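Visitor: Give the three-dimensional model of this entry:
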Amino acid sequence: MPNILMCFPEGRHKALTMSYDDGRFADRRLVDIFNRYGLKGSFHINSGLLGTPDRVGADEVKTLYDGHEVSAHTLTHPTIARCPNEQIVHEIMEDRRHLERIVGYAVRGMSYPNGSYNRRIKEMLPGLGMEYARVVAGSGQFGMPDDFLEWQPTCHHNRELMKHAETFVSLHKKQYLYLMYVWGHSYEFDNDNNWELMEQFGTYMGGHPDIWYCTNIEFVDYAKAFEGLKFAADLDFVYNPSALSVWLNVDGEIVEVKGGKQIKL
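Guide: Presented below is the predicted three-dimensional model:
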């Protein structure tokens, strides 16, 4: 029986994803940095606040975040753990509807506004079309998420970002999968006058052949595609019912299982 391990696309063993909240004007500069260094991010937006002071307008969203992910952050940013169910449903579904009309694709993830969530809210999210939700407490680690509806980032960008980056780049044991997940608010770079931090991070982290640069939802989709693979009982073949290719390490050999295909292992 072969030894089979999940890989990230093209056989990589490391992934980097970024996550930024609120849709502020400073996202323009942040997106430019991401694009120059090949980083990818998810931008969690309160659609009910678009066009208000210091926030991008609805007419800018699709173009500005092209190549990244537009994600939900509730309609008006309430502390939702204090809200009744009816208000939570309204805040999430109306945010989805508005954002989907703008970007033209399904919005399937979010970050919790004010970091506010509880078990009641988590249990509601699948019925509202949410497949992931990011919290604010950093783990300081690079492991695979255990609960996408309580998805812990590695760190906020003001919490030893470059130290974490150096550790992440140095990780070399291919028997593990590593994820670095950075979050924050772009306006914090203006407030703290430290844009050079993200420039330094982009310079250091961009262009590594062993890192998969992905949005939050791309990571979720890929993990679910792997979980959906249909293996033979003795592992001599596998069928991939999803539309995404999935890469496997089969006894040390990198194998691509294309979407909709069955291959021998």
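
Visitor: got the contact list for the closest residue to L50 other than its chain neighbours?
Guide: Of all residues beyond its chain neighbours, the one nearest L50 is A58 (4.7 Å), with distances taken as Cβ to Cβ, 6 or more residues apart in numbering. For every residue, glycine as well, the C-beta is placed using N, CA and C. By Cβ atoms under 8 Å, 6 or more residues apart in numbering, the contact list for A58 reads 47, 50-51, 98, 102.

Visitor: Could you check the pLDDT of the spatially most central residue of the chain?
Guide: Closest to where the C-alpha atoms of the chain average out (Cα atoms, centre = their mean) is N216, at 1.4 Å. With respect to pLDDT, N216 scores 99.

Visitor: Give me the mean pLDDT for the longest helix seen in the chain.
Guide: For the chain, the longest helix by residue count, based on DSSP state H, is helix 85-103. Mean pLDDT, helix 85-103: 98.

Visitor: Would you mind pulling up the elements that it packs against?
Guide: Counting contacts by 3 or more Cβ pairs under 8 Å, 6 or more residues apart in numbering; DSSP states H and E, helix 85-103 is packed against helix 58-64, strand 69-72, helix 119-124.

Visitor: Which parts of the stretch 151-265 of the chain are strands?
Guide: For the stretch 151-265 of the chain, the strands defined by DSSP state E, counting those that start in this stretch occupy 155-156, 178-184, 211-213, 230-231, 237-239, 246-250, 253-257, 262-264.

Visitor: so which of those strands comes closest to N3?
Guide: Smallest distance to N3 across the strands of the stretch 151-265 of the chain (Cβ to Cβ): 7.5 Å, for strand 246-250.

Visitor: now for the closest one, which elements pack on it?
Guide: strand 4-7, helix 216-227, strand 253-257.

Visitor: And the nearest residue to G228 once chain neighbours are set aside, how close does it get to V257?
Guide: Nearest non-adjacent residue to G228, counting by Cβ to Cβ, 6+ apart: S242, 5.4 Å away. From S242 across to V257, the span is 9 Å (Cβ to Cβ, to the nearest Å).

Visitor: before we move on, back to that, in CSV, list the helices and strands packed on strand 246-250 along with distance to H13.
Guide: Formatted as CSV, these follow (distance: least, Cβ to Cβ, whole Å):
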stretch, distance to H13
strand 4-7, 6
helix 216-227, 13
strand 253-257, 10
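
Visitor: Most tightly packed of those?
Guide: helix 216-227 (a mean of 19; mean count of other Cβ atoms under 10 Å).

Visitor: ok so, going back, nearest to H73 among the helices and strands packed on strand 246-250 would be which one?
Guide: H73 sits nearest to helix 216-227 of all those, at 12.2 Å, using Cβ to Cβ.

Visitor: Buried deepest among the helices and strands packed on helix 85-103, which one?
Guide: Of these, strand 69-72 is the most buried (mean count of other Cβ under 10 Å), at a mean of 27.

Visitor: Does anything pack onto that strand? Which helices or strands?
Guide: Strand 69-72 packs on strand 41-45, helix 85-103, strand 109-111, helix 216-227, going by 3+ Cβ pairs under 8 Å, 6+ apart.

Visitor: now that we're looking at S116, which residues does it contact?
Guide: Counted by Cβ under 8 Å, 6+ apart, S116 has contacts 78-82.

Visitor: run the last query once more with 7 Å
Guide: Residues in contact with S116, defined by Cβ atoms under 7 Å, 6 or more residues apart in numbering, are 79-81.

Visitor: For S139, list the residues it contacts.
Guide: Taking Cβ under 7 Å, 6+ apart as the criterion, S139 is in contact with 152, 154.

Visitor: How much space separates it from D146?
Guide: The separation that S139 has from D146, given Cβ to Cβ, amounts to 10 Å.

Visitor: and if you look at S170?
Guide: 24 Å.

Visitor: With adjacent residues omitted, what lies nearest to H90?
Guide: Leaving out its chain neighbours, the residue that sits closest to H90 by Cβ to Cβ, 6+ apart is L75, at 7.1 Å.
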